[in-house]
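**Q** have a look at this prediction, sequence included:
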Amino acid sequence: MAITAHSTVERKDGDGDGTRPAPSHRSALQARIPPRVSRLTAEFIGTAFLVAGVVGSGIMAERLTDDRGLQLLQNAAATAGVLVALILALGSASGAHFNPAVTLVDRAFGGIDTLTAVLYIVIQVVGAIVGAMVANAMFGLPLVEWSTTERSGGDLWLAEGIATLGLLLVIFGVVRSGRAALAAFAVAGYIAGAYYFTSSTSFANPAVTIGRAFSDTFAGIEPGDVPMFVVAQLIGALVATGLILVVYPRIADVAQDVVVPHPDEPRA
């Protein structure tokens, strides 16, 4: 009986944390992409799929049942599931912000540079709009169908501020406590719960809010109501920044790991 020795060459992972066997066959499908382009692409894809998940599940829920409570449950469950998957899949490339409020607070703590933060926000908004349009198309609706769902009033604005405040506390608290690996589940769990404990159903994301105005469905928001929602979210983010500093004075030490740890250059 002949014994064939199979040797492997160990090489370091992209983040330098360990080694893995080198592939036996080199793929021809490799590319050299600037790190910032990879990060922005990840933010675009993540935000687009997030909004497609929110809007698409809202449309499906409306078609499956007339029970508003069941519609909300279906929408919340789908959103939470999509969030977990997207954060786990794309977090190592961009940090999986998918939210201008997260990006702004992370910039305030020094986790991201100003230019990248601005580009993140722009691409998040574009991604959100594209995601809503794709969701409309998947269900045979016009690509752009301005929402007629009214969401206005002091109670809703307060709810949006609280929802955004809580989301940021969860994100930065989980990272600072050294449990960044659980961030995807913590964020998804919080959003699923906030769908129910806030009167606004917890948009908690300026980009998502803008995107949802492009779909006249269960998950939409009338365009004229968008500005105050965004203002409330930004106020919530400002308050969250102060509270995070009080609870975790050295939060800047881990700001680069928000929402999940990611190297300066995404792994190949």
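**A** On my side now, so go ahead.

**Q** then stretch 195-210 to PDB, C-alphas only?
**A** Taking Å, rounded to 0.1, in the frame of the first residue of the first chain, the C-alpha atoms of stretch 195-210 are listed here in PDB:
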ATOM      1  CA  TYR A 195     -40.500  47.500  16.300                       C
ATOM      2  CA  TYR A 196     -42.900  46.900  19.100                       C
ATOM      3  CA  PHE A 197     -41.900  49.200  22.000                       C
ATOM      4  CA  THR A 198     -41.700  52.400  19.900                       C
ATOM      5  CA  SER A 199     -44.700  54.000  18.400                       C
ATOM      6  CA  SER A 200     -42.700  54.800  15.200                       C
ATOM      7  CA  THR A 201     -41.800  51.100  14.700                       C
ATOM      8  CA  SER A 202     -38.100  52.100  15.000                       C
ATOM      9  CA  PHE A 203     -36.700  53.300  11.700                       C
ATOM     10  CA  ALA A 204     -33.600  54.400  13.700                       C
ATOM     11  CA  ASN A 205     -31.700  55.100  10.500                       C
ATOM     12  CA  PRO A 206     -31.700  58.200   8.300                       C
ATOM     13  CA  ALA A 207     -30.800  56.300   5.100                       C
ATOM     14  CA  VAL A 208     -33.500  53.700   5.600                       C
ATOM     15  CA  THR A 209     -36.000  56.500   6.400                       C
ATOM     16  CA  ILE A 210     -35.200  58.100   3.000                       C
END
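
**Q** quick one: contacts of that stretch?
**A** Contacts with stretch 195-210, where a contact means C-beta atoms under 8 Å, 6 or more residues apart in numbering, come from 47, 50-51, 54, 72, 75-76, 79, 98-101, 121, 124-125, 127-129, 151, 155-157, 159-160, 162-164, 166-167, 191, 194, 212, 221, 226, 229-230, 233-234, 236. Every C-beta, even on glycine, is put in place using the N, C-alpha and C of the backbone.

**Q** pLDDT weak spots in the stretch 1-150 of the chain?
**A** Applying pLDDT under 70 to the stretch 1-150 of the chain flags the ranges 1-29.

**Q** just the buried residues of the contacts of stretch 195-210.
**A** 47, 50-51, 54, 72, 75-76, 79, 98-101, 121, 124-125, 127-129, 151, 156-157, 159-160, 162-164, 166-167, 191, 194, 212, 221, 226, 229-230, 233-234, 236 (16 or more other C-beta atoms under 10 Å).
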